[in-house]
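Q: Prediction below, plus the sequence it came from.
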Amino acid sequence: MTAPILVFAVGNESRGDDALAPLLLRGLAGSAEAAGRVDLIEDYQLQVEHVTDLLNRSAVLFVDADMSCAEPFHFSEIAAEHDHSYTSHAMTPFALLHTYRQVYGTDAPPAFLLRIRGYDFELGNPLSDKAAANLEAATERMRALCAEDDLQRWRQCLVNA
C-alpha cells in the first residue's frame, strides 16, 4: 500500500554536509509521526524513473542540503517547471514534477522542498557541527508536519524556521 506522503532525500553521505537529507530521512524512519503515513526514499540524485514514485500521493517532500539558503533551513512549496535537467544525468524536483505532468497528463501531487543549510561538502569530511544543529531543527519540524493530515498546516510553515 502506498503511504499518502512521500519524503525523498537527495544526498551523498560521503560528502560532508551533503549527508543532511539522508540523515533527516533516518530521523523520520520509525517515528510514530511517520508510521503508516510516510514512505521514505533516499538516492544520490533524482532520475526520470522516480516519476512513478509520485503516483497516488497526497503530498511529496523533497529534501536536500543547500549552501545558499538561510539557517537552519528553508521550506517552500514548489511546482512543475521545465528546466532541461531531464536531459542530463540528474533532475531537479521541478523537472521531475514537469515530467510527471507530461507522462500522466495531470499535475503531480502538492510538492514541497526542504533545503537544509550546509557548509562543508568536501569528499570524506564528516557532517559539520553547524549543519548538525540545522538538521536537528529540520527533523523536528518535519516530524510535526508528517503527523498532519491537512496540507494547509504545511503551507502555514512555508517560511524559514
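A: Good, I have the coordinates.
Q: Please point out which parts of the longest helix belonging to the chain sit buried.
A: Ranked by residue count under DSSP state H, the longest helix found in the chain is helix 129-146. With burial defined by 16 or more other C-beta atoms under 10 Å, the residues of helix 129-146 counted as buried are Ala131, Asn134, Leu135, Ala138, Thr139, Arg141, Met142, Arg143, Leu145, Cys146. C-beta coordinates here come from the backbone N, C-alpha and C atoms, glycine included.
Q: just stretch 64-71 next, same as before
A: In terms of neighbour count (16+ other C-beta under 10 Å), stretch 64-71 has its buried residues at Asp64, Ala65, Asp66, Cys69.
Q: Surely the third one and Gly118 touch.
A: Put plainly, it is Asp66. Yes - between Asp66 and Gly118 there is a contact under C-beta atoms under 8 Å: 6.5 Å.
Q: Give the residues shared as contacts by these two.
A: Counting by C-beta atoms under 8 Å, 6 or more residues apart in numbering, Asp66 and Gly118 have no common neighbour.
Q: picking that back up, can you lay out the buried residues of helix 129-146 as JSON lines showing pLDDT and distance to Arg26?
A: Converted to JSON lines, the buried residues of helix 129-146 look like this (pLDDT from 0 to 100; distance: C-beta to C-beta, whole Å):
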{"residue": "Ala131", "pLDDT": "98", "distance to Arg26": "15"}
{"residue": "Asn134", "pLDDT": "98", "distance to Arg26": "16"}
{"residue": "Leu135", "pLDDT": "98", "distance to Arg26": "10"}
{"residue": "Ala138", "pLDDT": "96", "distance to Arg26": "13"}
{"residue": "Thr139", "pLDDT": "94", "distance to Arg26": "9"}
{"residue": "Arg141", "pLDDT": "89", "distance to Arg26": "16"}
{"residue": "Met142", "pLDDT": "90", "distance to Arg26": "12"}
{"residue": "Arg143", "pLDDT": "88", "distance to Arg26": "12"}
{"residue": "Leu145", "pLDDT": "85", "distance to Arg26": "17"}
{"residue": "Cys146", "pLDDT": "83", "distance to Arg26": "14"}
